[in-house]
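Participant: Output the structure for:
(one chain, ligands or ions: 1)
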Amino acid sequence: MFENRIKKLREKMESKNLDAYLIINIENSSKPSSYYLTGFTGSFSIIYITHNDIIFMTDGRYTEQAEKQTGIKPLLFKTKLSEELKNIINLPKGAKIGFESTTISSNIYLKVLKSFENYEFIPAEDLITELRRTKSEEEIKFIKEAAIIAEKALQETLDTFIVGMTEKEFAAKLEYNMRLFGADNYAFETIVASGFRGALPHGIASDKKIENGELVVIDFGAYANGYNSDITRTIAVGNVSEKQRNIYELVLKAQMAAIDAAKSGMRYGDLDKVARNIIAEGGYGEYFTHSLGHGLGLEVHENPRVSKNSELISMVGDIITIEPGIYLPGELGVRIEDDVLITNDGCEVLTSFDKKLIIL
Ligand SMILES: [Mn+2]
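Facilitator: This next block holds a predicted model:
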């Protein structure tokens with residue numbers, strides 16, 4: 001599997017006239033790409049790939065783990081980055097080396113890469129994000145598993161919900177349950193935003209108590225086997241006003257319409273518009289304040305973006321979120337999010353938690 005990914009990277013290097021590709025992973029800065037290409041899960045790695053060789057370097061914490069995970073005998077990082085790179089890179093003057101400009105610090109760029117006067121370092125993160133975009137059968141399986149873990153944990157947490165518990169208590173139980181059901185971690189800081197806090201699309205759980213008459217936006221995910229799920233449900237507590245219900249139903253209608261419309265070969269901007277138009281027709285256009293969704297995989301947010309101006313064309317093998325929302329400042333929020341796989345004849349929804357408004 002990893003050999004095949006390296007082979008595909010080399011083909012892309014060829015098409016961009018790159019002689020080598022360099023990954024610098026410090027404190028997890030490039031963990032997803034490092035993992036994707038070699039299977040290494042540690043926080044520190046230097047990977048140098050030419051058309052006929054690959055060098056993997058890590059430090060003493062990881063040498064044993066690295067050899068097991070990558071099947072490559074690692075070189076030991078001993079001195080400092082610029083020295084080690086001088087020893088590794090052996091190319092003729094003028095050689096072109098691709099690197100991930102989005103994950104490297106400006107310090108490393110200015111002090112290390114720029115010090116190599118004989119080589120040209122070329123930003124080339126696209127090579128890997130393009131490869132990572134199309135999910136394999138195994139990756140699809142991992143994301144489905146992460147979704148199942150998250151959904152089981154949500155059910156368990158809802159089953160023990162008590163009015164008056166704080167958002168943090170709810171989030172803590174949810175995260176604990178995800179671990180119990182097999183998650184290696186949670187995918188991102190859990191959002192539990194009740195009542196007026198629901199209007200903060202990224203309102204991470206606070207000390208606020210969850211009260212009767214409130215809607216609660218719960219946006220969370222599990223991280224397992226290196227992959228993430230990302231799901232949002234909005235639930236009601238006690239009684240629901242007509243306005244709350246109407247807004248919920250409008251978001252649901254927009255979300256289902258986008259799922260129905262999702263297929264390969266369409267502009268992602270057009271998919272975003274399917275949901276956005278429905279919310280606008282319902283009178284809440286200005287309150288849907290973010291993009292429809294995003295790619296999902298080794299990272300919670302990755303290629304492709306699904307936003308209203310996106311010119312990107314959907315492809316079989318994309319896994320994206322579909323998550324419209326309405327946020328009334330100081331009053332309430334509603335968001336509903338599923339993870340979907342673009343297939344030959346539409347899309348497959350990987351999350352399955354009920355979307356009828358749950359009233360606790
Ligand atoms: Mn999301």
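
Participant: dump the residue contacts of the residue in the stretch 51-200 of the chain that the ion sits nearest to.
Facilitator: Nearest residue of the stretch 51-200 of the chain to the ion (Cβ to the ion) works out as F188 at 8.5 Å. Using the backbone N, CA and C atoms, a C-beta is placed for each residue, glycine as well. Shown in contact with F188 (Cβ atoms under 8 Å, 6 or more residues apart in numbering): 220-221, 228, 230, 300.

Participant: which SS class is it?
Facilitator: coil (DSSP: H, G, I helix; E, B strand; the rest coil).

Participant: now it: how far from G98?
Facilitator: 29 Å (Cβ to Cβ, to the nearest Å).

Participant: Show me what stretch 56-70 is in contact with.
Facilitator: So stretch 56-70 is contacted by 2, 38-42, 44-48, 72-77, 84, 88 (Cβ under 8 Å, 6+ apart).

Participant: I should have written stretch 273-291 there, sorry.
Facilitator: 201, 247, 250-251, 253-255, 257-258, 261, 272, 292, 305-308, 322, 324-328.

Participant: about what we covered before: need the buried ones from the contacts of stretch 56-70 selected in ChimeraX.
Facilitator: Restricted to buried positions by 16 or more other Cβ atoms under 10 Å, the ChimeraX selection for those reads:
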select :2,38,39,40,41,42,44,45,46,47,48,72,74,75,77,84,88
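
Participant: Quick check: which of the contacts of stretch 56-70 are also close to the ion?
Facilitator: For the ion, no contacts are drawn from the contacts of stretch 56-70 by Cβ under 5 Å from the ion.

Participant: Looking at the contacts of stretch 56-70, which are in strands?
Facilitator: 45-48, 75-76 (DSSP state E).

Participant: out of the contacts of stretch 273-291, which are inside helices?
Facilitator: 247, 250-251, 253-255, 257-258, 261, 272 (DSSP state H).

Participant: Determine the three-state secondary structure at the residue most central in space within the chain.
Facilitator: The centroid of the chain falls nearest to V300 when counting by Cα atoms, centre = their mean (1.5 Å). Here V300 is recorded as coil under three-state DSSP.

Participant: any idea how far it is from Y227?
Facilitator: V300 is 10 Å from Y227, by Cβ to Cβ.

Participant: one step back: how about CSV for the ones in strands among the contacts of stretch 56-70, with pLDDT added?
Facilitator: Output for the ones in strands among the contacts of stretch 56-70, formatted as CSV (pLDDT from 0 to 100):
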residue, pLDDT
S45, 97
I46, 97
I47, 97
Y48, 97
L75, 96
L76, 96
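
Participant: And the helix or strand containing I140, what's buried?
Facilitator: Following DSSP states H and E, one finds I140 within helix 137-159. Neighbour counts over helix 137-159 (16+ other Cβ under 10 Å) mark 139-140, 142-154, 156-158 as buried.

Participant: Output the contacting helices and strands for it.
Facilitator: helix 167-180, strand 215-220, strand 222-224, strand 227-228, strand 231-236, strand 319-322, strand 338-343 (3 or more Cβ pairs under 8 Å, 6 or more residues apart in numbering; DSSP states H and E).

Participant: What separates the first and last residues of stretch 293-304, distance-wise?
Facilitator: 9 Å (Cα to Cα, to the nearest Å).

Participant: For the residue nearest to K12 when sequence neighbours are not counted, give me its contacts.
Facilitator: Leaving aside its sequence neighbours, K12 sits nearest to L127 (Cβ to Cβ, 6 or more residues apart in numbering; 4.4 Å). Residues near L127 by Cβ under 8 Å, 6+ apart: 9, 12-13, 16, 21, 98.

Participant: measure L127 to E14 for me?
Facilitator: In terms of Cβ to Cβ, L127 sits 11 Å off from E14.

Participant: who's in contact with F77?
Facilitator: 44, 46, 57-59, 84.

Participant: excluding its backbone neighbours, what's nearest it?
Facilitator: Per Cβ to Cβ, 6+ apart, closest to F77 is D59, 4.6 Å.

Participant: My guess is C347 contacts L341. True?
Facilitator: Yes: C347 is in contact with L341 according to Cβ atoms under 8 Å; the separation is 6.2 Å.

Participant: Comparing these two, which shows the higher neighbour count?
Facilitator: Each of C347 and L341 has its neighbours counted (other Cβ atoms under 10 Å); C347 has more, 24 against 21.

Participant: Pairing partners for the one helix or strand the more buried one maps to, with directions?
Facilitator: Element membership for C347 (DSSP H and E) is strand 346-349. As defined by DSSP bridges, the strand partners of strand 346-349 come to strand 338-343 (antiparallel).

Participant: Can you tell me which residues in the stretch 251-360 of the chain are near the ion?
Facilitator: Going by Cβ under 5 Å from the ion, the residues of the stretch 251-360 of the chain near the ion are T321.

Participant: What residue in the stretch 251-360 of the chain comes nearest to the ion?
Facilitator: The ion sits closest to T321 of the stretch 251-360 of the chain, with a gap of 4.3 Å, by Cβ to the ion.

Participant: How about that residue: what's its closest non-neighbour residue?
Facilitator: G293 (3.9 Å).

Participant: Enumerate every residue touching the one you found.
Facilitator: 272, 306, 320-323, 337.

Participant: Mean confidence (pLDDT) on stretch 228-247, please.
Facilitator: Regarding stretch 228-247, the rounded mean pLDDT is 97.

Participant: What of stretch 93-106?
Facilitator: If you average the pLDDT over stretch 93-106, you get 96.

Participant: Also stretch 305-317?
Facilitator: Average pLDDT, stretch 305-317: 96.
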